[in-house]
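K.L.:
kindly return the folded structure for what I paste below:
(one chain, ligands or ions: 3)
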Amino acid sequence: MSVRNAEIADIFDRMAALLEIQGANLFRVRAYRNAARTVRDLPRSVGDMLAEEEDLSKLPGIGKDLASKIAEIVDTGHLTALEEVEKEVPAGLVDLTRLPGLGPKRVKILHEELGIRDLAGLERAVRKRRIRELAGFGAKTEQRVLDALSRHAREERRTKLADVEEIASAYVGYLRAIPGVMEVIVAGSYRRRKETVGDLDILVTCKKGSPVMKGFVEYDEVDAVISRGTTRSTVTLRSGLQVDLRVVAQVSYGAALYYFTGSKAHNIAVRTIAVKKKLKINEYGVFKGERRVAGRTEKEVFKAVGLRYIEPELRENRGEIEAAKKNRLPRLVSLSEIRGDLHAHTNATDGHHSLREMAEGAKKLGYAYLAITDHSKSLAIAHGIDEKRLRKQLGAIDRLNAQLEGIQVLKGIEVDILGDGSLDLSDSVLKQLDVTVGAIHSHFGLSRTKQTERIIRAMDNPYFNILAHPTGRLINQRDAYEIDMERVMNAALERGCYLELNGHPDRLDLNDLHCRMAKDMGLKLAISTDAHTTSNLEHMRFGVDQGRRGWLEPEDVLNTRPWRELKKLLARR
Ligand code: DGT
Ligand code: CA
Ligand code: CA
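P.N.:
Ligands and ions are numbered 1, 2, ... in the order given. Okay, the predicted model is just below:
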């Protein structure tokens, strides 16, 4: 049984959280967190690296001790050190620390004062109104905890797209190797590239007598078989993800793919069109009376109902059907059109790799430019840079650019937007940059009006270019702060500023609807990765997927342009 990098990272994150609740040395806590991030971001499986006898202690943030802990997890599936800590601190408390407003210190108080051990215990305490009695908590905190708990209940069962992707590609690879199997494809929300996925819907075509169903339910990662039939089975995996498999005939492949890609709302709307044309459409094909007129390919299906082909990302019944009828579908942006990345960190702040390594990583992706945008000084936790260190970095960029070929490193910063909307660095240094990315990392709790005005004030600064991760949400982890998005976008338009679509799979911020809103308002977006490692640069594709869900065309995206054009767009009037 192979242990995935994400599982190892989760174990380290759990360890860090429990140690933190315990009040352990912060240095130790940090070490586990950093190791978790390193492992999670590795482009290769740690299991494979160990099998090839690679020295893991050479990885950033991983010493001998952590390397041997990784080896233990790969060998045994668990970590003794974690089990030791779990004897002292209830494991269920980790879930509590993930709720907004509850840090490790507060969780420790909840445990010590009220004997709470897990989410269920927390919920009971909230209902009995016992949280408000605690020193430093109050009725407002209690309400926030209650809100967080109900949100948690709703979101719990949806998994982030990037996590699902790792699981899905392994499963698909395994199914493809079963004798007699022909096509294997994942449909559903996964194919529509939705930011989170409820369950996986895999379609298979195969030769007669192929043992694909048997293979499907006997996969190593399967935890439970929910149902098993000849054409349809459902399992749950160790990760908790549910997977449906459907075996379909080759003549129905396109129709089944179309049907199970959904969305349901899209399907229902198209069925109405079919009915008007006296056609019946289902997962087996498009039928005129008893006769199948289409079904082998998706293109055929669209043609039969009189529509242009609609990309999966658009199939949400958000106007795509009318657009297809009128031949006005957007020509969606694609990854190959991205020419650079406008948000990336180095080890000068909280990134893992050097300036040169990041530049070379971007070059490998075929980019023409990469903006280095490290954190600014007030973000002390990330070792943010002040004017002096930034000037030093600018010199280093000049020297690097003189040496590198085929890639230009742009001078940038991810400058903190302070509580009052001013920027964390002086204009005299911002003036020297190619691009200023501004971001909020504090005062998340301001009112909608105050937060909106704070951001607009930041855009008033003549050197401000791009608002990074505009809502601050972390998927399944932290809600967006409140802002009036339309006002922010209008303010950006008026000032010649832009918004970012952050492609980190935990953020995907803006969401699809906000991207669409920007497009409709004529506001261009930067699709950026916010990379903290060279392999993070590859998150661009998640950003592009999200942008496609928001109907973005190449012209709507800043970084589809060569630098000489982009430069003009960034120059504020
Ligand atoms: P998810 O799993 O919640 O992220 O979202 P989906 O879209 O993958 O939904 P799922 O797994 O329930 O179903 C897969 C697809 O099957 C869905 O996108 C469209 C199709 N489908 C499911 N139920 C219905 C239905 O009642 N009517 C129609 N027309 N299509 C359906
Ligand atoms: Ca699904
Ligand atoms: Ca399903």
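
K.L.:
and for residue 415, the neighbour number?
P.N.:
Neighbourhood size, residue 415 [other C-beta atoms under 10 Å]: 30. Placement of C-beta: from N, CA and C, glycine included.

K.L.:
what about it, distance to ligand 2?
P.N.:
40 Å (C-beta to the ion, to the nearest Å).

K.L.:
can you give me the offset of the host helix or strand of that residue from its chain's centre?
P.N.:
Assigned by DSSP states H and E, residue 415 belongs to strand 408-416. Centre-to-centre, strand 408-416 and its host chain are 22 Å apart (C-alpha atoms, centre = their mean, to the nearest Å).

K.L.:
right, and residue 314 touches residue 549 too?
P.N.:
Yes. The pair residue 314 / residue 549 is scored as a contact, 7.5 Å apart, by C-beta atoms under 8 Å.

K.L.:
neighbour-wise, which of these two wins?
P.N.:
Taking neighbours as other C-beta under 10 Å, residue 314 and residue 549 compare with residue 549 leading, 26 against 22.

K.L.:
wait, that one sits on residue 313?
P.N.:
Yes. Here residue 549 reaches residue 313: they are 4.6 Å apart, a contact under C-beta under 8 Å.

K.L.:
please enumerate the shared neighbours of the two.
P.N.:
With contacts taken as C-beta atoms under 8 Å, 6 or more residues apart in numbering, residue 549 and residue 313 have 192-193 as neighbours in common.

K.L.:
rewinding a little: the strand holding residue 415: what's the following helix or strand?
P.N.:
Per DSSP H and E, the first helix or strand lying C-terminal to strand 408-416 is helix 427-430.

K.L.:
which ones are touching the residue in the chain positioned nearest to ligand 1?
P.N.:
The nearest approach of the chain to ligand 1 comes at residue 262, 1.8 Å away (C-beta to the nearest ligand atom). Taking C-beta under 8 Å, 6+ apart, we find residue 262 in contact with 187-189, 192, 315.

K.L.:
quick one: it from residue 409, how far?
P.N.:
42 Å (C-beta to C-beta, to the nearest Å).

K.L.:
picking up where we left off before, would you mind checking which of the contacts of residue 262 is nearest to residue 276?
P.N.:
residue 315 (19.2 Å; C-beta to C-beta).

K.L.:
look up the pLDDT of the nearest residue to that closest one once chain neighbours are set aside for me, please.
P.N.:
Leaving aside its chain neighbours, residue 315 sits nearest to residue 266 (4.1 Å; criterion: C-beta to C-beta, 6 or more residues apart in numbering). Looking at residue 266, its pLDDT is 97.

K.L.:
buried ones in the helix or strand that contains residue 266, by neighbour count?
P.N.:
Element membership for residue 266 (DSSP H and E) is helix 264-276. Across helix 264-276, burial judged by 16 or more other C-beta atoms under 10 Å covers 266-267, 269-271, 273-274.

K.L.:
where exactly do the helices run in the stretch 201-350 of the chain?
P.N.:
Per DSSP state H, counting those that start in this stretch, the stretch 201-350 of the chain carries helices over the ranges 212-218, 253-261, 264-276, 298-304, 320-325.

K.L.:
relative to ligand 3, which of the ones you listed is closest?
P.N.:
Ligand 3 lies closest to helix 253-261 among these, at 7.7 Å (C-beta to the ion).

K.L.:
CA atoms of the closest one as PDB?
P.N.:
Only the C-alpha atoms of helix 253-261 are listed here, as PDB (Å, rounded to 0.1, in the frame of the first residue of the first chain):
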ATOM      1  CA  TYR A 253     -19.900   6.700 -24.800                       C
ATOM      2  CA  GLY A 254     -20.400  10.300 -25.900                       C
ATOM      3  CA  ALA A 255     -23.900  10.400 -24.600                       C
ATOM      4  CA  ALA A 256     -22.900   9.000 -21.200                       C
ATOM      5  CA  LEU A 257     -19.900  11.300 -21.000                       C
ATOM      6  CA  TYR A 258     -22.100  14.200 -21.700                       C
ATOM      7  CA  TYR A 259     -24.800  13.100 -19.300                       C
ATOM      8  CA  PHE A 260     -22.500  12.400 -16.400                       C
ATOM      9  CA  THR A 261     -20.400  15.500 -16.900                       C
END
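
K.L.:
which strands and helices sit next to it?
P.N.:
The contact analysis (3 or more C-beta pairs under 8 Å, 6 or more residues apart in numbering; DSSP states H and E) places helix 253-261 against helix 188-191, strand 199-206, strand 280-282, helix 298-304.

K.L.:
out of the ones you listed, which comes closest to residue 86?
P.N.:
strand 199-206 (29.8 Å).

K.L.:
what are the pairing partners of the closest one, and which direction each?
P.N.:
Strand pairing for strand 199-206, using DSSP bridges, gives strand 181-186 (antiparallel), strand 242-247 (parallel).

K.L.:
now it: mean pLDDT?
P.N.:
For strand 199-206, the per-residue pLDDT averages 98.

K.L.:
does any part of it sit near ligand 3?
P.N.:
Yes. Judged by C-beta under 5 Å from the ion, strand 199-206 and ligand 3 are in contact via 199, 201.

K.L.:
what residues of that strand count as buried?
P.N.:
199-206.

K.L.:
out of the residues you listed, who's near ligand 1?
P.N.:
When contact is defined as C-beta under 6 Å from any ligand atom, the buried residues of strand 199-206 meet ligand 1 at 199, 201.
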